[in-house]
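Engineer: Could you look at this predicted model? Sequence included:
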Amino acid sequence: MNKDSDSKEKGKHKETIVSSLGQFVDFVTNLSSSGKIIFRGQINDKPLIPVVGRNKERENFFNNEEKIFETFKREAIPYIKFSVNNDWQWLAIAQHNGVPTRLLDWTLNPLVALWFAVKYSDKNPEYRIVWAFYYDEYDDRIDTKKVGTPFSIEKTFVYFPEHIFPYIQAQSGLFTVHHRLNDTKDFVPLNKIHSSDLLLRKIKIPNKMVPTIRYQLDRTGINSATLFPGLSGIRDKIIYDYRLCDDEFGENNK
């Protein structure tokens, strides 16, 4: 179990270090007893801001957000095998296909978030990160029937999309949809919004524990095949089963 000494204040939100899958499960179980939570896993400790608003890509993506979206909609139509009823659904489809959008991925399942935090080997970060967010206390869920376009919102919302394609259902997925400031047009990270920062918890997993936790998640059915239903998920699972990640080579594997 994680000890109280492992939790500390960082700004307003609390940080907690867990070093095993068991500790992680115990900690999020205790968290969940205090309210409804969504989770997000990250390999690196980066701000909670969508791709289209990140500094590195700003020049290419930031000023062309709606143009990128409209281009995707126009060119994706021949490949969509189900009915898409509004721009919110289109935005979710774009996000899950790697298009830069103002959506940030979250999940209702903490183990799914943990998998996204540990899925790759990377020796650089000291910790992998799982964010927990008490969304029911934030109480800003978007009603997409009343807000016609994602590009007109004036605050950051929690968006529960319809399960129009398998990934969302398999990952218990949802999003935060981020707004731009009126003056600078910048996107504000969720952890920099005062009303939300108080409701965030940061869970840190030591990088040295990643191979063990990744393996344990796979054994419990949290892997690419279950989270990405389809041929690409099967492919990635087969590759994982037959080729160890770099961080899984121990002394006996050299």
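Structural biologist: Perfect, thanks for sending it.

Engineer: can you give me the strands for this structure?
Structural biologist: 7-10, 13-17, 38-42, 103-107, 127-133, 157-159, 173-177, 200-206 (DSSP state E).

Engineer: Mean pLDDT lowest where, among these?
Structural biologist: Per-segment mean pLDDT for the strands of the chain reaches its minimum on strand 7-10, at a mean of 46.

Engineer: coming back round to it: can I get the strands of the chain in CSV with mean neighbour count?
Structural biologist: No exception for glycine: its C-beta is placed from N, CA and C like everyone else's. Listed next are the strands of the chain as CSV, based on neighbours: other Cβ atoms under 10 Å:
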stretch, mean neighbour count
strand 7-10, 11
strand 13-17, 18
strand 38-42, 22
strand 103-107, 23
strand 127-133, 24
strand 157-159, 21
strand 173-177, 24
strand 200-206, 21
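
Engineer: Any chance of JSON lines for those strands, columns distance to Phe165?
Structural biologist: JSON lines is the format used below for the strands of the chain (distance: least, Cβ to Cβ, whole Å):
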{"stretch": "strand 7-10", "distance to Phe165": "36"}
{"stretch": "strand 13-17", "distance to Phe165": "32"}
{"stretch": "strand 38-42", "distance to Phe165": "19"}
{"stretch": "strand 103-107", "distance to Phe165": "14"}
{"stretch": "strand 127-133", "distance to Phe165": "24"}
{"stretch": "strand 157-159", "distance to Phe165": "15"}
{"stretch": "strand 173-177", "distance to Phe165": "10"}
{"stretch": "strand 200-206", "distance to Phe165": "28"}
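
Engineer: Excluding chain neighbours, give the residue nearest to Ile234 in space.
Structural biologist: Sequence neighbours aside, Ala225 is the residue nearest to Ile234 in space, at 5.5 Å (criterion: Cβ to Cβ, 6 or more residues apart in numbering).

Engineer: Contact partners for the one you found?
Structural biologist: 233-234, 236-237 (Cβ atoms under 8 Å, 6 or more residues apart in numbering).

Engineer: could I get these as CSV with pLDDT?
Structural biologist: Converted to CSV, the contacts of Ala225 look like this (pLDDT from 0 to 100):
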residue, pLDDT
Gly233, 93
Ile234, 94
Asp236, 92
Lys237, 92
